[in-house]
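> whatever this is, show me its structure:
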Amino acid sequence: MTSLHSIIADFSSFYDDNPWFGDSFLDVISDISAVEALVKPPNGHSIAVILWHMVKWRKALTVRLLGDRDFRADVTDADNWPSAESQTPATWEAAKSAFAEQQTILMEQLGEREEEFLDTEFVTGRKYRMLVSGVLQHDIYHLGQIALLKGLIRKSETWKIEIG
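Numbers count the residues shown, from 1 in each chain. Below you'll find the model as predicted:
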């Protein structure tokens, strides 16, 4: 198996299969209600905001895969960490849809590439291997946060009072 095939398998496993680290993205996300997704923990981000952040950095990869090599994402972009106040049940559904769309693009675009693609630069001094692997690591990291928040929201009497 090539590195590229391994990366594709890892993205697939992360999303809806049986990843090495535990539950897949869909397993974690599928039963989170809009009410739960919008809870803002003290000094933290809501599940919905974290998911939009994940979409943002997936987009840094997928837009380039679709041919826009000039696209730049920055940590200061407004959509990197959208405000909790801007989140609604509709934006929660939109975030899940956007993530699913990014998954489809990733699988299609990576599946069309050859191994050498990973060692080409997307900007001077930065190779796709780093970007692709980084996005996957970023997804895993934040999925862990979402799973932790989901469990805390469901177990916390304080948060249950706040969310009804």
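> CA atoms for contacts and neighbours, from now on please.
Will do.
> against residue 121, how distant is the spatially most central residue of the chain?
Nearest to the mean C-alpha position of the chain, by C-alpha atoms, centre = their mean, lies residue 54 at 3.2 Å. For residue 54, the distance to residue 121 (C-alpha to C-alpha, to the nearest Å) stands at 22 Å.
> a strand runs through residue 149, doesn't it?
No - under DSSP: H, G, I helix; E, B strand; the rest coil, residue 149 falls outside any strand and is assigned helix.
> that one contacts residue 47, correct?
Yes - taking C-alpha atoms under 8 Å as the definition, residue 149 is a contact partner of residue 47 at 7.1 Å.
> the more surrounded of those two?
For residue 149 versus residue 47, the count of surrounding residues by other C-alpha atoms under 10 Å is larger for residue 47: 28 against 21.
> chain neighbours aside, what residue packs nearest to that one?
residue 37 (4.7 Å; C-alpha to C-alpha, 6 or more residues apart in numbering).
> tell me the contacts of that neighbour?
Residue 37 makes contact with 46-48, 92 under the criterion C-alpha atoms under 8 Å, 6 or more residues apart in numbering.
> one more time with 10 Å
Neighbouring residues of residue 37 by C-alpha atoms under 10 Å, 6 or more residues apart in numbering: 29, 45-51, 87-89, 92-93, 146, 149-150, 153.
> so it, which of the three states?
helix.
> any weak-confidence spans in the protein?
157-164 (pLDDT under 70).
> so where do the strands sit in it?
Counting by DSSP state E, the segments of the chain that form strands are 121-123, 126-127.
> list of residues touching the longest one?
Spelled out, it's strand 121-123. So strand 121-123 is contacted by 61, 64-65, 68-72, 127-131 (C-alpha under 10 Å, 6+ apart).
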